[in-house]
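**Q** just coords:
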Ligand SMILES: *Cc1c(COP(=O)(O)O)cnc(C)c1O
């Protein structure tokens, strides 16, 4: 399998190069040149596999340039850090299926991809004899998942900027209590947007980027999407076993369109997905896109589901490439227009095509808390606020024709304040958070200035 950029200037690169490139050098996103087509027989065979085996089979369709035994051992190691024997268990509650993706070390679904990506980076760097300095900004979940993915790994340093005192206390501690020598937490005196801007400017200095071998973790790495495709197959197999239904719907809390795009790839591979339900919070640019063909940036509103407080969904470009019939000239023109006007609109025919696959709803703060409360009353099960948006949208929109699988993207213990507001008590804390508050911390507070961050990097980077 070879990879190409949505913008058409990068073609026929192998998987390993696509992983190291992250963002395509022409400014686009990397995609496989074709999507493998699975037969019903293939699906049957996959549905019988345990998670790590399944991950190996699904990823092997897309990876030709890593020896099978090496890939297998990397996958096995990635998922031994999960605390549930099924890795991503599926449970039936109140008429829906909950796909629990939060049994990794930082209690959010991002671990599923970042545990694997950390091992993959380490493997590729050992092979090439190179090193990498990862630089990223986080509003909470990506930072800790990326840190846990590469902590203690050879040839990699990681620098994560988070807005000082603006992430949840659990999120902050999950980052700052990692004291491995290759992990650098920088609390910037500014906002998440300031952090993103600093990262963007630092990557924009191409000499600096090259000199320090900067690697991106926010950039939308194909390996992250690929690792997420796996659990759509897994959940389908589990739910088919329980219900006998061939077809399923998935409901996905969405911010950057990454997780839901993995579902789209699974569907294109032949997995019988009837609909992908896209749930947003009040930051509803993506539900407006699906429902009205209106993709226009608004102001970011802080909500109870902060990991979805996003206006510019960087991964949407991948889907738009397919919507525009894989025409990179048209796609490039659309992305240029979007970056100058902050707006794209789509025709009635295009909206109809989008709606064949996606249906969407925006779920506000009040509905989020109400959903957590009701679900808890009915089932005793505590949803996190991100998952709750998906449960609400999934129940409202799926129409009851096929089983609905709701992706549970975070453990409720990461967001105790919102949960407490909804059900009047704190969620149970998993063992990995025990003693979190009293652990040793490592974090530098620095000014939200690109030059300050660059000189910090220059002093602490692997060279
Ligand atoms: C990142 C995140 C999301 C959004 O996922 P995307 O791939 O950006 O759409 C949803 N829920 C949680 C808990 C997250 O951390």
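**A** Cool, got the structure. Just so it is clear, the model here is predicted, and its values are computed rather than measured.
**Q** all contacts plus neighbour counts: C-alpha atoms, from now on.
**A** Will do.
**Q** Start and end of stretch 355-370, how far apart?
**A** Here the two ends of stretch 355-370 are set 27 Å apart, with distance taken as Cα to Cα, to the nearest Å.
**Q** same question, stretch 87-97
**A** Stretch 87-97 has an end-to-end distance of 16 Å (criterion: Cα to Cα).
**Q** Need the residues that contact that stretch.
**A** With Cα atoms under 8 Å, 6 or more residues apart in numbering as the contact definition, stretch 87-97 has outside contacts at 51, 79, 98-103, 231, 235, 238-239, 375, 378-379, 391, 395, 403-406.
**Q** I'd like the list of those that fall within helices, please.
**A** Assignment to helices by DSSP state H places the following of those there: 51, 79, 231, 235, 238-239, 375, 378-379, 391, 395.
**Q** out of those residues, who has the most neighbours?
**A** Within those, most neighbours by other Cα atoms under 10 Å means residue 391, with 32 neighbours.
**Q** quick one: contacts for the residue nearest to that one when sequence neighbours are not counted?
**A** Closest residue in space to residue 391, ignoring its immediate chain neighbours: residue 406 at 5.9 Å, by Cα to Cα, 6 or more residues apart in numbering. Residues counted as contacts of residue 406 (Cα under 8 Å, 6+ apart) are 96-99, 250-252, 387, 390-391, 394.
**Q** Show me which residues of the chain sit near the ligand.
**A** Listed as neighbours of the ligand in the chain under the rule Cα under 6 Å from any ligand atom: 108, 141, 253-259, 307-308, 386, 409-410.
**Q** could I get the residues you listed as TSV with pLDDT and neighbour count?
**A** Supplementary listing: the residues of the chain next to the ligand in TSV, determined by pLDDT from 0 to 100; neighbours: other Cα atoms under 10 Å:
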residue	pLDDT	neighbour count
108	96	22
141	86	24
253	98	33
254	95	28
255	91	28
256	89	20
257	94	21
258	93	21
259	96	23
307	88	22
308	90	25
386	97	30
409	98	28
410	97	26
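**Q** how about CSV for those residues, with distance to residue 36 and secondary structure added?
**A** Rendered in CSV, the data for these read as follows (distance: Cα to Cα, whole Å; DSSP: H, G, I helix; E, B strand; the rest coil):
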residue, distance to residue 36, secondary structure
108, 28, strand
141, 31, helix
253, 26, strand
254, 25, coil
255, 27, coil
256, 24, coil
257, 21, coil
258, 19, helix
259, 19, helix
307, 31, helix
308, 30, helix
386, 31, helix
409, 27, coil
410, 30, strand
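**Q** residues near residue 315, how many?
**A** By other Cα under 10 Å, neighbour count at residue 315 equals 21.
**Q** From what I see, it and residue 254 are in contact.
**A** No: taking Cα atoms under 8 Å as the definition, residue 315 is not a contact partner of residue 254, at 10.7 Å.
**Q** Taking the stretch 51-200 of the chain, what residue is nearest to the ligand?
**A** Using Cα to the nearest ligand atom, the closest approach of the stretch 51-200 of the chain to the ligand is made by residue 141 at 4.9 Å.
**Q** Could you double-check that that residue sits in contact with residue 170?
**A** No: using Cα under 8 Å, residue 141 is not in contact with residue 170, being 10.2 Å away.
**Q** Next, show the common contact partners of the two.
**A** Listed contacts common to residue 141 and residue 170 are nil; contacts here mean Cα under 8 Å, 6+ apart.
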